[in-house]
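A.B. asks: Pasting the sequence and the predicted model now:
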Amino acid sequence: MSKIPQRRQSESRSAEDLRTATKGYRIDKRKVGFAIALLLAFVVFGTWSLLQQEGPVGDTLVGAVLMVFCLAMASFLARDLKRVGAVVEVGPDGVLDLRRQQEVIPWDRIAGAEIRRASIIRGIRLTLDDGTRIDIDTQMLEIDRKDLMRVIAEEGRKAEARRER
């Protein structure tokens, strides 16, 4: 069920209409599982490499730091594996990314949205009316960033049309 607050029955749309209009997007367990397996493979290879090495202590320290980083990233991703249900929701009331915030960002606060094309983090950047930027990371979601952008643009246009009435 959607985390976006529902309006009262007396308003123009029923609560059932809102639930069906809200689109939710989940974490793709296969993407997360693959990333965790890859990171753990780096840890195993790094451990084996450190045990075989007879070089200077500095090289060993760098390898150990990289292995700790890989373990930390794997544990961070494992948290996403535990998530049940939608983590990003787009609906008539706004946008919600449960990984970043607990409150819906209403459409009247969203001044713009764009696809982030950074090489490391890919996703959607929302710019709020006060200039605040909120990034929605789409790398581990079941939806592509371009498709999510289309949904956000469509819902934003619908919200603007409702405000003009």
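C.D. replies: Happy to help now that I have it.

A.B. asks: how many neighbours does the residue lying closest to Ile143 once chain neighbours are set aside have?
C.D. replies: Residue nearest to Ile143 in three dimensions, not counting chain neighbours: Tyr25, with 4.8 Å by CB to CB, 6 or more residues apart in numbering. Backbone N, C-alpha and C define where each C-beta goes, glycine included. The number of residues packed near Tyr25 is 19, by other CB atoms under 10 Å.

A.B. asks: contacting residues for the most centrally placed residue in the chain?
C.D. replies: Nearest to the geometric centre of the chain sits Asp137, at 3.8 Å (CA atoms, centre = their mean). Residues near Asp137 by CB atoms under 8 Å, 6 or more residues apart in numbering: 99, 121-123.

A.B. asks: Which members of the residues you listed are classed as buried?
C.D. replies: Using 16 or more other CB atoms under 10 Å as the burial test, the contacts of Asp137 include Gly123 as buried.

A.B. asks: that older thread, so how far is Lys158 from the residue nearest to Ile143?
C.D. replies: According to CB to CB, to the nearest Å, Tyr25 and Lys158 sit 18 Å apart.

A.B. asks: May I see the buried residues of the helix or strand harbouring Leu50?
C.D. replies: Per DSSP states H and E, Leu50 falls inside helix 29-52. Neighbour counts over helix 29-52 (16+ other CB under 10 Å) mark 32, 35-36, 39, 42-43, 46 as buried.

A.B. asks: returning to that earlier point: pick the one among the contacts of Asp137 closest to Ala86.
C.D. replies: Arg99 (10.9 Å; CB to CB).

A.B. asks: pLDDT score for the residue nearest to that closest one when sequence neighbours are not counted?
C.D. replies: For Arg99, ignoring the flanking residues on the chain, the nearest one in space by CB to CB, 6+ apart is Val87 at 5.5 Å. Confidence at Val87, expressed as pLDDT, is 91.
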